[in-house]
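*Asks:* structure, please.
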Amino acid sequence: MAFGDLTLLRFHHVIVFLLLFQSHRGQLQVIGPSQPVVALVGDDVTLPCRLEPATDASDMRLEWARPDLSPGFVYVRAKGQERVAHRQPSYRGRTSVSIDRLKDGDVSLKLATVKVSDEGTYRCLFPELGRAAFINLIVGAASSPVVQKTKDSSGLVLQCESTGWYPEPEVFWLDGEGNLLSAGPTETVRGPDDLYTVSSRVTVEKRHSNSFTCRVQQNSTNQTRETLIHVPADSITVQSSSHSNWIIFIVSSVCIIISIILTMKCFFSCWHTDIVKRWRRRRRKRRAETELEPQSKQEDQNDSVKNERESLSGPKKQLKEQEESEKGCEGEEQEQQL
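*Replies:* The predicted structure is shown next:
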């Protein structure tokens with residue numbers, strides 16, 4: 001075979017190889033997980049991403065990024081080397097891929113020491129293929145609750161507190177049979193590290209079992225922590241007695257207050273009735289005095305006229321008697337003269 005024919009044959013093989021390679025790339029898919037990835041704060045997590053069919057990605061450009069950040073790159077690889085330029089500062093030193101698995105098309109990202117701020121959507125992109133996969137990372141944090149016993153005016157109280165949760169969890173109280181207990185509202189505080197502290201209180205009563213459980217759970221991260229506590233029966237009994245005494249005291253106080261109110265109402269009613277009666281008597285007396293006043297004035301006038309008449313009739317009577325006395329004397333003198 002001539003040299004020229006051999007060169008032409010090799011060139012033909014190269015062309016066929018390139019065409020087959022380009023055709024193969026056109027069929028490549030970037031595959032990510034169908035479900036969100038859950039990781040706990042402080043743990044290491046792997047975000048799955050691979051080429052399918054399996055293809056060597058050692059020399060291909062690979063970009064891992066968070067579209068919601070700026071700059072958004074968390075890991076970049078090109079021409080077989082890791083590129084650190086334009087990488088998000090919070091991810092420096094915490095992201096990597098397995099060099100050995102790149103040959104099999106596995107480009108999964110390993111994220112070390114997960115933080116709450118790492119939660120979000122990640123993009124696994126091959127710019128040369130124009131294909132990408134999106135992976136949703138959910139970050140959680142959990143810790144076991146601590147239960148303490150206290151006493152107050154209402155009796156025996158159990159206090160449950162748990163710190164370092166993310167996202168915000170729920171708190172439940174259960175008795176020894178697994179029944180939910182009625183507790184007060186859960187108190188929630190969010191710290192500067194974005195982690196939540198939750199606490200809850202419950203007043204316990206005497207039941208078939210003296211065991212109580214504080215359960216803290218977060219559904220989105222599928223995290224649950226529980227703490228079981230045993231309470232002595234005599235403690236609960238004292239609490240129940242105190243509780244009953246407190247109820248009796250309240251009921252007695254209410255009865256006394258009602259009695260006082262009724263007594264005051266009766267007193268004011270009687271007082272009002274007495275005032276009305278007095279007012280009516282005064283009114284009748286004034287009316288009678290008003291009716292008798294003209295008659296009294298008339299009698300006074302009559303008495304005055306009578307007195308005047310009597311005063312005038314006195315001198316007249318004396319004059320008359322004097323005249324009669326004089327006439328008698330004159331008659332006696334005449335008789336003596338005769």
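*Asks:* hey, let's count contacts and neighbours off CA atoms from now on
*Replies:* Will do.
*Asks:* any low-confidence regions in this structure?
*Replies:* Across the chain, the ranges flagged by pLDDT under 70 are 1-26, 154, 206-209, 234-246, 291-338.
*Asks:* okay, which residue is most central for it?
*Replies:* Pro185 (7.1 Å; Cα atoms, centre = their mean).
*Asks:* Glu52 bridge partners, please.
*Replies:* Gln29 (DSSP bridges).
*Asks:* so how many other residues sit close to it?
*Replies:* The burial count assigned to Glu52 is 15, neighbours taken as other Cα atoms under 10 Å.
*Asks:* I'd say Val146 and Leu158 touch.
*Replies:* No: using Cα atoms under 8 Å, Val146 is not in contact with Leu158; the gap is 10.2 Å.
*Asks:* of these two, which one has the most company?
*Replies:* The neighbour count for Val146 versus Leu158, taken as other Cα under 10 Å, is higher for Leu158 (21 against 16).
*Asks:* gap between the closest residue to the more buried one other than its chain neighbours and Ile229?
*Replies:* Spatially, and ignoring its direct neighbours in sequence, Leu158 is nearest to Lys149 (4.8 Å; Cα to Cα, 6 or more residues apart in numbering). Relative to Ile229, Lys149 is positioned 9 Å away (Cα to Cα, to the nearest Å).
*Asks:* may I see the buried residues of stretch 82-90?
*Replies:* Arg87, Gln88 (16 or more other Cα atoms under 10 Å).
*Asks:* oops, could you answer that again for stretch 68-86 instead?
*Replies:* By 16+ other Cα under 10 Å, the buried positions in stretch 68-86 come out as Gly72, Phe73, Val74, Tyr75, Val76, Arg77.
*Asks:* so which strand or helix has the last one?
*Replies:* It stands for Arg77. Here Arg77, judged by DSSP states H and E, is contained in strand 73-78.
*Asks:* helix or strand next in line after that strand, which one?
*Replies:* Past strand 73-78, the next helix or strand by DSSP H and E is strand 81-83.
*Asks:* in its sheet, which strands sit next to the helix or strand following that following strand, and in what direction?
*Replies:* Going down the chain from strand 81-83, the next helix or strand is strand 95-96, by DSSP H and E. The strands beside strand 95-96 in its sheet (DSSP bridges) come out as strand 109-111 (antiparallel).
*Asks:* what's in contact with the partner strand?
*Replies:* Residues from elsewhere that reach strand 109-111 (Cα atoms under 8 Å, 6 or more residues apart in numbering): Asp44, Val45, Thr46, Leu47, Pro48, Cys49, Trp64, Arg94, Thr95, Ser96, Val97.
*Asks:* which of the residues you listed are buried?
*Replies:* Val45, Thr46, Leu47, Pro48, Cys49, Trp64, Thr95, Ser96, Val97.
*Asks:* for Asp44, see how far away the nearest residue to the fourth one once chain neighbours are set aside is.
*Replies:* Using Cα to Cα, 6+ apart and skipping residues adjacent in sequence, the residue nearest Pro48 is Ser108, 4.5 Å away. Distance, Ser108 to Asp44, using Cα to Cα: 13 Å.
*Asks:* same deal with Asp100?
*Replies:* From Asp100 over to Asp44 (counting by Cα to Cα), the distance is 19 Å.
*Asks:* do the same with Gln223
*Replies:* 17 Å.
*Asks:* could you do Glu128 as well?
*Replies:* 29 Å.
*Asks:* now do the domain split for this structure, please.
*Replies:* Taking automatic domain parsing as the reference, the chain has its domains at 26-139, 146-239.
*Asks:* for the strand holding Arg77, output the C-alpha coordinates as PDB.
*Replies:* Extracted in PDB, the C-alpha atoms of strand 73-78 (Å, rounded to 0.1, in the frame of the first residue of the first chain):
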ATOM      1  CA  PHE A  73     -19.900  29.600  41.100                       C
ATOM      2  CA  VAL A  74     -19.200  27.100  43.800                       C
ATOM      3  CA  TYR A  75     -16.900  24.800  41.800                       C
ATOM      4  CA  VAL A  76     -15.400  25.100  38.200                       C
ATOM      5  CA  ARG A  77     -13.200  22.600  36.300                       C
ATOM      6  CA  ALA A  78     -11.800  23.100  32.800                       C
END
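*Asks:* same for that strand, what does it pack against?
*Replies:* If contacts are counted by 3 or more Cα pairs under 8 Å, 6 or more residues apart in numbering; DSSP states H and E, strand 73-78 sits against strand 62-65, strand 81-83, strand 95-96.
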